[in-house]
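S.K.: with the input below, show me the fold.
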Amino acid sequence: MPANSRRPRAALLLALLAAACGAPAHDQGPCLPPVYEGGQRLHGLPGPTVFDLDLLLRQHELCWRRPARDDEARVVLLGSSAVYGFPLFADESLAARLNVRLAQDDVAAHVFNAAFVNPDQVRDALILDAVLPYRPDVIVYPLTPAEFAHFAPALYLPVVRFFTANLARLERLTQAPPAGLEEPFERYRAFVATHRAGRAGLRGLAARARDLATLVRSAVRERARAAARALTGAVAPAATTHGRQDRYECDKTVADNRRRYADWQTWNGLANLAALQRAHDIPVLLVFWPVAHEPRGACYSVRYTDALMREFGAWAARESAARGLAYLDLHDLLPPELFFDSVHVTPAGQARIADALAPHIAALLARRGAAPARAAAAPAAGDELACLAGDRL
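M.R.: As a prediction, this is how the structure comes out:
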């Protein structure tokens, strides 16, 4: 048998063996060994190579992490690359900074980073659907106007690949669309029909096997990077941004905003979040994510016009209040010097955001009451491969 045909089978066997060694994780079955920065992220830098949400969540600490305290609350952080912490390593990201701040404040909570590169509120609805069985106690969702771009199916290739890899979940949600997102999910019906024809039967299994094989290769790369970091104390970042863009043509930004955000309010993922909050008693905190203020003419930055920023901020505050969602406006929290570009934030900026955000998370948890005891949670990540190799992948 050719070596390349054995790889998916070997990966599948390894993943199944790892799963067999783990303890049941919440409602989702056994966990996989952590891959991306010790399972702190759903995918690695600079961007995803595996898109199957089930696999990504099973390697994530949402699945396997043992709580530090029996009453520890689970705070899930959603969002795009800025919230993910791009281009930083996980320990410099907002989630890590929040965990440090919450521990300092003696708040019994752990923040789980479930962000994914590229903004797309329809994609985030699928992630939220997949996260719910892991029983979050609070959802934190930072947003900018970028999540409300009026395109479906998605334009960005990584987002298209995400929907293709999670076709069954997408198909289920097209049958009962989340509140506020009926139109884009209706548009995805044709997408599902087209891709279902190409991924039926064995083709679908082969696609999953390829994702498993990629996950194993990613584990090897992640471990090599972690080892290099441990030996040298630092390693070159795996990603970079385009850099600060304080010199730009505002006319192009105005034209882009007019095209990208036409009728943007008609797709309203906030309605879905409000429905989830009511149905599952999970408090939701919306955050207007910081945007570097680098004005030029009628533009707030190279990404947004002044008018769109004002309109979005007023709408988000009004919608949050009307739907009973907590809301925090941080769009002007940081000076431009604390950004890599217009939305991706430096380590010092991440710490400032964490300092501003942590008290609001603590207040939500205090109003909600104690989290359910979790002493019987899944084992720590290092225990999962004891029956295989006694160490992590």
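S.K.: please enumerate the helices of this protein.
M.R.: 3-21, 53-59, 61-64, 81-84, 94-104, 121-131, 157-165, 167-175, 182-199, 202-232, 250-260, 269-280, 306-323, 347-368 (DSSP state H).
S.K.: pick out the residue nearest the middle of this structure.
M.R.: A115 (1.4 Å; CA atoms, centre = their mean).
S.K.: show the contacting residues for that residue.
M.R.: Contacts of A115 were listed using CB atoms under 8 Å, 6 or more residues apart in numbering, and they are R41, L42, L77, L78, G79, S80, S81, V83, Y84, G85. Every residue, glycine included, has its C-beta placed from N, CA and C.
S.K.: and if we set it to 7 Å?
M.R.: Residues in contact with A115 (CB atoms under 7 Å, 6 or more residues apart in numbering) are L77, L78, G79, S80, V83, Y84.
S.K.: what of A114?
M.R.: Shown in contact with A114 (CB under 7 Å, 6+ apart): L42, L62, V76, L77, L78, I127, V131.
S.K.: any idea how far G297 is from it?
M.R.: Look at A114 and G297: by CB to CB, to the nearest Å, they are 37 Å apart.
S.K.: and for H43?
M.R.: 37 Å.
S.K.: and those two? Which one has more around it.
M.R.: H43 (23 against 12; other CB atoms under 10 Å).
S.K.: surely the more buried one meets E37?
M.R.: No. Using CB atoms under 7 Å, H43 is not in contact with E37; the gap is 9.9 Å.
S.K.: so where's the stretch 101-250 of the chain uncertain?
M.R.: Low-confidence segments of the stretch 101-250 of the chain, defined by pLDDT under 70: 198-205, 233-238.
S.K.: about what we covered before: could you identify the most distant pair in the contacts of A115?
M.R.: Greatest spatial distance among the contacts of A115 (CB to CB): L77 and S80, at 11.3 Å.
S.K.: dump the helices of the chain to a markdown table, plus distance to H242 and mean neighbour count.
M.R.: Shown next, in a markdown table, are these (distance: least, CB to CB, whole Å; neighbours: other CB atoms under 10 Å):
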| stretch | distance to H242 | mean neighbour count |
| --- | --- | --- |
| helix 3-21 | 35 | 15 |
| helix 53-59 | 26 | 24 |
| helix 61-64 | 31 | 26 |
| helix 81-84 | 12 | 26 |
| helix 94-104 | 21 | 21 |
| helix 121-131 | 22 | 23 |
| helix 157-165 | 17 | 19 |
| helix 167-175 | 30 | 17 |
| helix 182-199 | 28 | 16 |
| helix 202-232 | 23 | 16 |
| helix 250-260 | 14 | 15 |
| helix 269-280 | 27 | 18 |
| helix 306-323 | 20 | 16 |
| helix 347-368 | 17 | 18 |
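S.K.: nearest to D71, of those helices?
M.R.: Minimum separation from D71 across those (CB to CB) falls at helix 347-368, 10.0 Å.
S.K.: can you give me how far the closest one is from the chain middle?
M.R.: Its chain's C-alpha centre and that of helix 347-368 lie 18 Å apart, by CA atoms, centre = their mean, to the nearest Å.
S.K.: now do the contacts for V83.
M.R.: L77, L94, A115, P142, W289.
S.K.: against E311, how distant is the nearest residue to the third one once chain neighbours are set aside?
M.R.: Taking CB to CB, 6 or more residues apart in numbering, and ignoring the residues beside it in sequence, A115 has Y84 as its nearest neighbour in space, at 3.8 Å. For Y84, the distance to E311 equals 26 Å [CB to CB].
S.K.: same question, A103
M.R.: From A103 across to E311, the span is 38 Å (CB to CB).
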